[in-house]
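Asks: no sequence for this one, just the structure:
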């Protein structure tokens, strides 16, 4: 007897990208696990990471917020940013997660307590419990270490990233491996390709788990490339880079937005060297789903609901 | 037909004193309103007060915590103090209340949101919604303004406080007046006599409400006097000073601890010039209840449960 089962969907990433996917998926009757990068080193989260020595909370925070009840007041507090005084620039969510981590005594219990507080739908799982940093070797051989230095970027932005690594070697959180192995669908991206998305893949054990998992692996290509990280990348470049780390033949689907944002939306991006990603991929080994995934607001990003529906219908 | 009604108890004060009374009362089937001083100007709360221009949160925070569920994780977060880095010294509760105040847009809604979050038993009511400071005229005519300057004290501690005032003139929160008028019992103190307790009485409208209210007014005398604020005060001095601001004949009961703390408990207090308060009051106009109210722990303070039981049985 066929029993209708909830889809188990694992979202791998961090930052705004995962936030958008999770916000959309949350509205559907599916089982969500967000596997999040723990390499954040900039801003409020980076500062607290340095001062307290805990794993960085920025990506965890965004995923927790994405999966929490929209109307919850606590969610507003987790999103709140102080603008003035000595705490100016600090995100209250990062401060709360630092305190929760301190009280809970370990990372696992901390994320669980925060999840309970925010009454989230689904689970948030740090990709690793090792305090590690991401690094990049540029095409001239220069080595740049730490997410914020690659992300901003604090290096010649015309040099491509030749190789990504993490230091020290980090072992995957067993919970992340378990979720990947049990999943029906695994969403990789969107988000900053190296610092948010592929940073997860480099964690020891994740690549093998992805390859072993029977889930459909869906790579969500970004809408805009990013100067200094993915300058002039086309969709085919994104897939090529992703496959370099995930392995050939693992990604089964690519979700590709084919709706160009309005000129006035693109303008601020273009002034920073970011361009609309040409949907140049043709289906070969990989199924390419080209469709309108665009949020018609002021930012050139994915629409949560369009993305979630497309994922669920695959 | 006589109907058994819950006692309506109003606790006027702030700081650790109100915290102790409320913790005890919370365990009983009574209706609690904490009317709290809004004059705090030191430490984490004072810093945020200066930077954000909101009413200070220190006393509100302590009362909210006292009335919240003991097992709640959120309560632990409201109590958490950062020890390191740029946020070191800040109390997370004060940061949360600042953010809540900013999001809520006004003081009244802010306290309500915080009360809901912490699921408190009873209500916390700021004595005033005016952003005011407490000031003192010393016996040599010197004027000292701001709670932290009087409390620490940053003046010659051998000079007595001749007159207390608040600046600018502050009007009572109508909710505080209403609670006082409807109360069965009103508890004044314990706590720093001038800066936590009497600061409330000076708010315009409170003195009259106390006098108009049919409630039993119970003054809880401190266990220790405080060098620079109530140096060498005996119980009779506390009552005399309280009556100077509350008015003669208003206070009907004085609760007086008659159990001296152990020598080793007293030692650190004595090195700071604080002494055990001699229970020298004899009943005359005022009923004096002398009993063991002492917490047998390491600090010379009231025992929450003994205090609550004594109050309820009056």
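Replies: Nice, I can see it. None of these values were measured; they are calculated from a predicted model.
Asks: and the pLDDT for residue A:227?
Replies: pLDDT, the model's per-residue confidence, is 88 for residue A:227.
Asks: I figured it hits residue A:157, correct?
Replies: Yes. Taking contacts as C-beta atoms under 8 Å, residue A:227 lies within contact range of residue A:157: 5.5 Å. C-betas here are computed from N, CA, C, even on glycine.
Asks: what sits closest to residue A:23 if chain neighbours are left out?
Replies: Nearest-residue entry for residue A:23: residue A:304, 4.3 Å, with adjacent residues in sequence omitted and distances by C-beta to C-beta, 6 or more residues apart in numbering or on different chains.
Asks: ignore the last one, residue A:168
Replies: In space, residue A:168 comes closest to residue A:132 once its chain neighbours are excluded; the distance is 5.8 Å by C-beta to C-beta, 6+ apart.
Asks: now do residue A:148
Replies: For residue A:148, the nearest residue in space outside its immediate sequence neighbours is residue A:42; the separation is 3.1 Å by C-beta to C-beta, 6+ apart.
Asks: got a list of what that neighbour touches?
Replies: By C-beta atoms under 8 Å, 6 or more residues apart in numbering or on different chains, the contact list for residue A:42 reads A:58, A:147, A:148, A:151, A:152.
Asks: report the rounded mean pLDDT for stretch A:66-86.
Replies: Across stretch A:66-86, the average pLDDT comes to 93.
Asks: need the helices for the stretch 151-300 of chain A, in chain order.
Replies: For the stretch 151-300 of chain A, helices defined by DSSP state H, counting those that start in this stretch occupy the ranges A:174-182, A:199-201, A:206-212, A:235-246, A:263-271.
Asks: can you pull the buried residues of the third one?
Replies: Just to be clear, that refers to helix A:206-212. A:206, A:207, A:209, A:210 (16 or more other C-beta atoms under 10 Å in any protein chain shown).
Asks: so what touches the helix or strand bottoming out on mean pLDDT in chain A?
Replies: One helix or strand of chain A scores below all others by mean pLDDT, DSSP states H and E: helix A:147-151, with a mean of 87. Applying C-beta under 8 Å, 6+ apart, the contact partners of helix A:147-151 are A:39-43, A:46, A:133-136, A:144, A:154-155, A:161, A:192, A:194-195, A:199, A:229.
Asks: who are the neighbours in contact with the spatially closest residue to residue A:255 that is not a sequence neighbour?
Replies: Counting by C-beta to C-beta, 6+ apart, residue A:255 lies nearest to residue A:220, which is 4.6 Å off, once chain neighbours are set aside. With contacts taken as C-beta under 8 Å, 6+ apart, residue A:220 has the following neighbours: A:17, A:21, A:187, A:188, A:189, A:190, A:254, A:255, A:302, A:307.
Asks: equivalent analysis for residue A:243, please.
Replies: Residue A:243 makes contact with A:250, A:251 under the criterion C-beta under 8 Å, 6+ apart.
Asks: the one 4 residues further on too?
Replies: Remark: with contacts taken as C-beta under 8 Å, 6+ apart, residue A:247 is in contact with A:207, A:210, A:211.
Asks: also residue A:67?
Replies: With contacts taken as C-beta under 8 Å, 6+ apart, residue A:67 has the following neighbours: A:22, A:26, A:32, A:34, A:118, A:120, A:121, A:122, A:124.
Asks: show me which pair in those is furthest apart.
Replies: Farthest-apart pair in the contacts of residue A:67 is A:32 and A:118; separation 13.8 Å (C-beta to C-beta).
Asks: who's more crowded, the two?
Replies: The residue with more neighbours, out of residue A:32 and residue A:118, is residue A:32; 25 against 22, by other C-beta atoms under 10 Å in any protein chain shown.
Asks: so what's that one closest to, chain neighbours aside?
Replies: residue A:122 (3.2 Å).
Asks: please tell me how far that neighbour sits from residue A:129.
Replies: Using C-beta to C-beta, to the nearest Å, we find residue A:122 at a distance of 19 Å from residue A:129.
Asks: counting neighbours, go ahead and name the busier of those two.
Replies: residue A:122 (21 against 18).
Asks: that one and residue A:26 touch, don't they?
Replies: Yes. When contacts are counted by C-beta under 8 Å, residue A:122 is listed as touching residue A:26 (7.1 Å).
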